[in-house]
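Chemist: return a 3D structure for these sequence lines:
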Amino acid sequence: MSLPNGFKILAGGTYLDVYSVENNIKERQLFTERFAGVWNIGYTFNRIELTIDYTGNVYSPMRLPLLNDLDPRRAYSPWWSIQNIQLTKKIGSNMEMYGGIKNLLNWTPNNGNPFIISRSHDPFDKEVAFGPDGQALSTPNNPYALTFDPTYVYGPNQGIRGFLGFRYIFNE
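Modeler: Next comes the predicted model:
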């Protein structure tokens with residue numbers, strides 16, 4: 001929706017039903033949310049040639065990879081959202097200055113998890129004890145019987161941050 005007074009709203013959503021079937025067992029695929037949505041709400045102050053945009057996206061829970069039954073990380077992500085705000089000021093006929101904040105909610109996947117990358121301090125599993133079957137064993141140094149695993153990361157790794165820039169528009 002775009003109104004003549006400079007106000008606009010854009011929104012969209014996607015429903016996903018992604019799964020695999022193995023041995024007649026249906027299972028949601030890893031890293032696949034059931035719902036994803038995006039939006040943009042903007043307003044242009046025509047007299048002062050200033051535009052404000054509030055944008056974002058939202059994701060429903062997705063199944064995440066766990067290494068074993070002792071793994072303390074969440075099996076499913078929470079609902080999460082990345083939201084941004086930007087101001088753009090027109091300067092003359094072909095210059096713009098813009099700035100804003102990204103990830104207003106300061107959300108990263110480690111919120112609510114004890115860690116994201118398991119055994120990041122031991123990437124070659126030198127301090128991991130393995131059983132005769134090749135599986136990691138629970139030890140005082142490794143109570144969750146984990147190995148190094150970076151596959152759990154599913155969202156942004158940067159929290160809230162600001163930005164500022166200039167844009168020059170070349171006219172033909």
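
Chemist: which residue is the nearest non-sequential neighbour of residue 12?
Modeler: residue 38 (5.1 Å; C-beta to C-beta, 6 or more residues apart in numbering). In short, each C-beta sits where N, CA and C put it, glycine included.

Chemist: quick one, what contacts that neighbour?
Modeler: Residue 38 makes contact with 10-13, 55-58, according to C-beta atoms under 8 Å, 6 or more residues apart in numbering.

Chemist: gap between it and residue 104?
Modeler: Distance, residue 38 to residue 104, using C-beta to C-beta, to the nearest Å: 15 Å.

Chemist: kindly report the same for residue 24.
Modeler: On the measure of C-beta to C-beta, residue 24 and residue 104 end up 45 Å apart.

Chemist: the more surrounded of the two?
Modeler: Counted by other C-beta atoms under 10 Å, residue 24 and residue 104 do not tie: residue 104 has more neighbours, with 15 against 5.

Chemist: list the buried residues of the helix or strand hosting residue 38.
Modeler: Using DSSP states H and E, residue 38 falls within strand 35-45. Using 16 or more other C-beta atoms under 10 Å as the burial criterion, the residues of strand 35-45 that qualify are 36-37, 39, 42-44.

Chemist: show residues contacting the helix or strand following it.
Modeler: For strand 35-45, the succeeding helix or strand toward the C-terminus, using DSSP H and E, is strand 50-59. For strand 50-59, the external contacting residues (C-beta under 8 Å, 6+ apart) are 33, 35-45, 77, 79-90, 100, 155.

Chemist: apply 6 Å and report the result again.
Modeler: For strand 50-59, the surrounding residues in contact (C-beta atoms under 6 Å, 6 or more residues apart in numbering) are 33, 36-44, 80-89.

Chemist: again with stretch 66-86
Modeler: 53-64, 98, 100-105, 107, 113-114, 144-146, 149, 154.

Chemist: which of these are buried?
Modeler: Buried residues within the contacts of stretch 66-86, counting neighbours by 16+ other C-beta under 10 Å: 53-56, 58-64, 98, 100, 102-103, 107, 144-146, 149, 154.

Chemist: so, low pLDDT: which residues of this protein?
Modeler: 172 (pLDDT under 70).

Chemist: pick out the residue closest to the middle of the chain.
Modeler: For the chain, the residue nearest the mean C-alpha position is residue 155 (2.8 Å; C-alpha atoms, centre = their mean).

Chemist: tell me the secondary structure at it.
Modeler: coil (DSSP: H, G, I helix; E, B strand; the rest coil).
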